[in-house]
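Chemist: pasting the sequence and the predicted model now:
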Amino acid sequence: MEPANLGARQDIANRIRSLREDSDLTIEDMAIATGRSPEEYAARESGEMDLTFTFVYKCAMKFGVDVVEILTGESPRLKHYSIVRAGEGLPLERSTDFHYLHKAPHFKDRLGEVFLVDVPYQPESQNEPIHLSYHNGQELDYVLVGRLRFRFEDHFEEVGVGDTLFYDSGRGHGMIAIGGEDAQILAVVFNPRDEII
């Protein structure tokens, strides 16, 4: 996920660089941890390339910090419960034009990441291959609005309002809005067992 503006992206990149240096890790170490080449990792850490949520998430796992700490510079502090009101949350944007609103950014030691995701309908994507993402753990996606074409490796499904997807997110997955209208999902990304962000 890319932050909404370039200044925020540079702030996040600077935090990643500082955490890497404080952890005595090399660019090569982080390239392996994030599944990137050293050159691509360096370009992301410098702020030259988009910072996807998966990239930031993998950095957080390697550094042993909460992903929100990298995104905002603040550590979550709430321990017992959290309320995020309608329309509120930590906004994030992906280069894929999906819009994410993190719905539990201030809860400490989360077992998962909770997002309200807007998936815009894009006519040009209807006949293109669906981009696949990979991140350790599992994911639950509950369709709130619209229809989606979901791809899991070489399998395709069409889902609509009230349908739920649950899958191993370490395997290739992706989706697009279909039917001429935007879609919205509630996505919960569960951390891998015995790994805390």
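Modeler: Everything's here; your move.
Chemist: centre of the chain to stretch 8-28, how far?
Modeler: 18 Å (C-alpha atoms, centre = their mean, to the nearest Å).
Chemist: so which bits of it are buried?
Modeler: Going by neighbour count (16 or more other C-beta atoms under 10 Å), the buried part of stretch 8-28 is 8, 9, 11, 12, 13, 15, 16, 17, 19, 20, 25. (Glycine included, C-beta is placed from N, CA and C.)
Chemist: looking at it, the fourth one is touching residue 50, isn't it?
Modeler: No - in this structure residue 12 lies outside contact range of residue 50 using C-beta atoms under 8 Å: 10.7 Å.
Chemist: tell me the SS of the closest residue to residue 189 other than its chain neighbours?
Modeler: Using C-beta to C-beta, 6 or more residues apart in numbering and skipping residues adjacent in sequence, the residue nearest residue 189 is residue 113, 4.4 Å away. Residue 113 carries the three-state label strand when classified by DSSP: H, G, I helix; E, B strand; the rest coil.
Chemist: next helix or strand past the helix or strand of the chain with the lowest mean pLDDT?
Modeler: The weakest-scoring helix or strand in the chain, judged by mean pLDDT, DSSP states H and E, is strand 90-93 (a mean of 77). The first helix or strand that comes after strand 90-93 along the chain, using DSSP states H and E, is strand 99-102.
Chemist: what helices or strands is that next one leaning on?
Modeler: Strand 99-102 is packed against strand 90-93, strand 112-119, with contacts defined by 3 or more C-beta pairs under 8 Å, 6 or more residues apart in numbering; DSSP states H and E.
Chemist: neighbouring contacts of whichever helix or strand comes after the last one?
Modeler: Taking DSSP H and E as the definition, the helix or strand that follows strand 112-119 towards the C-terminus is strand 138-145. Applying C-beta atoms under 8 Å, 6 or more residues apart in numbering, the external contacts of strand 138-145 come out as 116-117, 150, 159-169, 173, 175, 182-190.
Chemist: quick one on the thing from earlier: any idea which of the helices and strands packed on strand 99-102 is most buried?
Modeler: For the helices and strands packed on strand 99-102, average neighbour numbers computed from mean count of other C-beta atoms under 10 Å are highest in strand 112-119, which has a mean of 20.
Chemist: which residue ranges form the strands in the protein?
Modeler: With DSSP state E as the criterion, the chain has strands at 90-93, 99-102, 112-119, 138-145, 147-152, 155-160, 164-168, 173-178, 183-190.
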